[in-house]
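Asker: this one's sequence-less:
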DNA sequence: CTTGACCTTGTACCAAGGTACAGGGTCCAA
DNA sequence: TTGGACCCTGTACCTTGGTACAAGGTCAAG
């Protein structure tokens, strides 16, 4: 398949495919004599995967890792297993958070007349958690602060 | 509370709070005579909520909507209920996808020696779905294409 | 009454994830 | 043999979600 066809079937822009190639999400494909990229059919599935994974909040970098798991399957078994395990924990955490949000939305939907106080809002409670915040490009260090007596 | 204290407790940058105000996620707070922003305690919880929701892949725009649900609770009940319902469907879809990914990762982790063929990779299968792709800033219209006979 | 830690606005910059355009080559049907 | 639809590379630009100054005002302690 040529690039335009992949783009149409995966419902993305041609430029996006070239961009993914630069970012290492798509392998550099073989070329025709004229220098046109020629993709295997599978590429369409890969691109659709990327798009769905993005919807779930994975970054391109993380998705690249996920895809790498796929191709590295033969060598580095142990290392792979470890990465997979870490991703599973991450996914579990995301699911827990979603369940909370869901519960909150359901509460809102049903019981919006009863709990008429503006405080103790179910939406805010949804994500009030003791769980340590995950990844989120770290930011830890801030400066001194004036005393607050 | 002044802005710096909110920032410290919510573990974000001061600039970020002002940015959220511009983007309509935080209400414009009252000011001291000197023009300093003075926030209610609740703001810390709101900001933490924003951060967790972002981790889940919600955009600031979506989060603004979620928060709006909270404050509009008294008027527009029906409309609110409808939005909440839509969000619930969205959340459900996300969860389904995460479950698939999870299954795929588990498969990878356990059974990486058996399914040694490069095709039918569990990772790709994870998100192969008949479900129509959700939101994802629409992009629908692309141009004509040369016939592919 | 100054100094340091805080606050203000405004504007500029950054990384990620694309998108668009310029300038040019390929290929096939009419 | 030419025109339209496609492909190439390269570079510039856009949006999101912030961060980082610059230039200045506030306020409490020493």
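Answerer: Done, it's in. Not measured: the values here are computed from a predicted model.
Asker: Name the nearest residue to residue A:18, sequence neighbours excluded.
Answerer: Leaving aside its chain neighbours, residue A:18 sits nearest to residue A:3 (7.5 Å; criterion: Cβ to Cβ, 6 or more residues apart in numbering or on different chains). Bear in mind the C-beta positions are built from the backbone N, C-alpha and C, glycine included.
Asker: so the one you found makes contact with residue A:15?
Answerer: No: in terms of Cβ atoms under 8 Å, residue A:3 does not count as a neighbour of residue A:15; the distance is 9.7 Å.
Asker: Who has more neighbours out of the two?
Answerer: Ranked by neighbour count (other Cβ atoms under 10 Å in any protein chain shown), residue A:3 and residue A:15 place residue A:3 first, with 18 against 10.
Asker: Would you mind measuring from the more buried one to chain B?
Answerer: Here residue A:3 is placed at a distance of 12 Å from chain B (Cβ to the nearest Cβ, to the nearest Å).
Asker: Who are the contact partners of that residue?
Answerer: Contact criterion Cβ atoms under 8 Å, 6 or more residues apart in numbering or on different chains gives A:14, A:17, A:18, A:36, A:37, A:39 as the residues in contact with residue A:3.
Asker: hmm, back to that, what about the residue nearest to residue A:18, distance to DNA strand D?
Answerer: Going from residue A:3 to DNA strand D by Cβ to the nearest atom of the strand, to the nearest Å gives 4 Å.
Asker: Could you chop chain A up by domain?
Answerer: A:1-71, A:74-127 (automatic domain parsing).
Asker: Adding mean pLDDT, write the ones you listed out as JSON lines.
Answerer: Converted to JSON lines, the domains of chain A look like this (pLDDT from 0 to 100):
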{"stretch": "domain A:1-71", "mean pLDDT": "92"}
{"stretch": "domain A:74-127", "mean pLDDT": "71"}
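Asker: Would you mark the buried spots in stretch A:7-27?
Answerer: Within stretch A:7-27, the residues that qualify as buried are A:7, A:8, A:10, A:12, A:14, A:16, A:17, A:20, A:25, A:26, counting by 16 or more other Cβ atoms under 10 Å in any protein chain shown.
Asker: do stretch A:83-91 as well
Answerer: For stretch A:83-91, the buried set under the neighbour-count rule, 16+ other Cβ under 10 Å, comprises A:83, A:84, A:87, A:88, A:90, A:91.
Asker: In strands only, show me those residues.
Answerer: Assignment to strands by DSSP state E places none of these there.
Asker: What about chain B: which of those residues touch it?
Answerer: A:84, A:87, A:88, A:91 (Cβ under 8 Å from any Cβ of the partner chain).
Asker: so how far is residue B:97 from the nearest residue to the first one once chain neighbours are set aside?
Answerer: What it means is residue A:84. Spatially, and ignoring its direct neighbours in sequence, residue A:84 is nearest to residue B:109 (4.3 Å; Cβ to Cβ, 6+ apart). Per Cβ to Cβ, to the nearest Å, residue B:109 is found 19 Å from residue B:97.
Asker: which ones are touching residue A:25?
Answerer: Residues near residue A:25 by Cβ under 8 Å, 6+ apart: A:46, A:50, A:60, A:63, A:64, A:67.
Asker: how does it look with 10 Å?
Answerer: Residues in contact with residue A:25 (Cβ atoms under 10 Å, 6 or more residues apart in numbering or on different chains) are A:17, A:19, A:46-47, A:49-50, A:60-61, A:63-64, A:66-68.
Asker: Would you mind giving both backbone torsions of it?
Answerer: phi -90, psi -30 (degrees, to the nearest 10).
Asker: Distance to residue A:102 for the ones next to chain B among the buried residues of stretch A:83-91 - can I get that in CSV?
Answerer: As requested, these are exported to CSV (distance: Cβ to Cβ, whole Å):
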residue, distance to residue A:102
A:84, 26
A:87, 22
A:88, 21
A:91, 16
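Asker: State the pair within the residues you listed that is farthest apart.
Answerer: Greatest spacing in these, by Cβ to Cβ: A:84 and A:91 (10.3 Å).
Asker: Show me which helix runs longest in chain A.
Answerer: helix A:77-111 (DSSP state H).
Asker: Against which helices or strands is it packed?
Answerer: Counting contacts by 3 or more Cβ pairs under 10 Å, 6 or more residues apart in numbering or on different chains; DSSP states H and E, helix A:77-111 is packed against helix A:60-71, helix A:122-126, helix B:42-55, helix B:60-71, helix B:77-111.
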